[in-house]
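*Asks:* give me coordinates for this.
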Amino acid sequence: MRVTPVTQKIRRAPTKVRNKAYAFRMVTRRAWSGDQFQCLDSLWTRESNWDHRAFNEGSGAYGIPQALPGSKMGFVARDWRFNPQTQIRWGLRYIRGRYGSPCGAWGHFRSHNWY
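*Replies:* Residues are numbered from 1 along each chain as shown. Purely as a prediction, here's the structure:
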């Protein structure tokens with residue numbers, strides 16, 4: 001009997017899944033609850049569907065948090081155009097400073113259709 005070696009390809013999780021996992025870790029590091037992550041997920045799913053290359057041609061907003069202008073994310077790091085982690089760090093900092101929490105930002109978005 002001949003045994004054929006089995007080779008497995010290791011697949012990376014889709015970008016959206018990796019972005020959400022990183023954001024979840026960042027939310028918990030800030031001692032925000034799982035509810036806060038749910039609000040963040042709702043907000044950024046609606047804004048960019050967690051796509052770090054999302055671009056709104058009408059407004060010029062860019063990235064996962066739809067920063068306007070996108071270059072504001074350069075405050076965190078120069079790689080803001082292509083690094084979802086930079087965008088997430090900037091977005092969480094923005095949300096904390098302006099709304100206090102992801103649920104605060106999500107509530108504002110639901111009332112005004114922007115955050």
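*Asks:* so where's the chain uncertain?
*Replies:* Low-confidence regions of the chain, defined here as pLDDT under 70, cover residues 1-10.
*Asks:* can you give me the helices for it?
*Replies:* Counting by DSSP state H, one finds helices in the chain at the ranges 15-29, 34-48, 84-99, 102-112.
*Asks:* and V76, how close does it get to G58?
*Replies:* If you measure V76 against G58 using CB to CB, to the nearest Å, the figure is 25 Å. Using the backbone N, CA and C atoms, a C-beta is placed for each residue, glycine as well.
*Asks:* swap in C39?
*Replies:* Where G58 is concerned, C39 sits at a distance of 25 Å (CB to CB).
*Asks:* look at these two and report which has more neighbours.
*Replies:* When neighbours are counted by other CB atoms under 10 Å, C39 and G58 differ, and C39 comes out ahead with 24 against 6.
*Asks:* which residues does that one contact?
*Replies:* The contact partners of C39, taken as CB atoms under 8 Å, 6 or more residues apart in numbering, are 101-103, 105-107.
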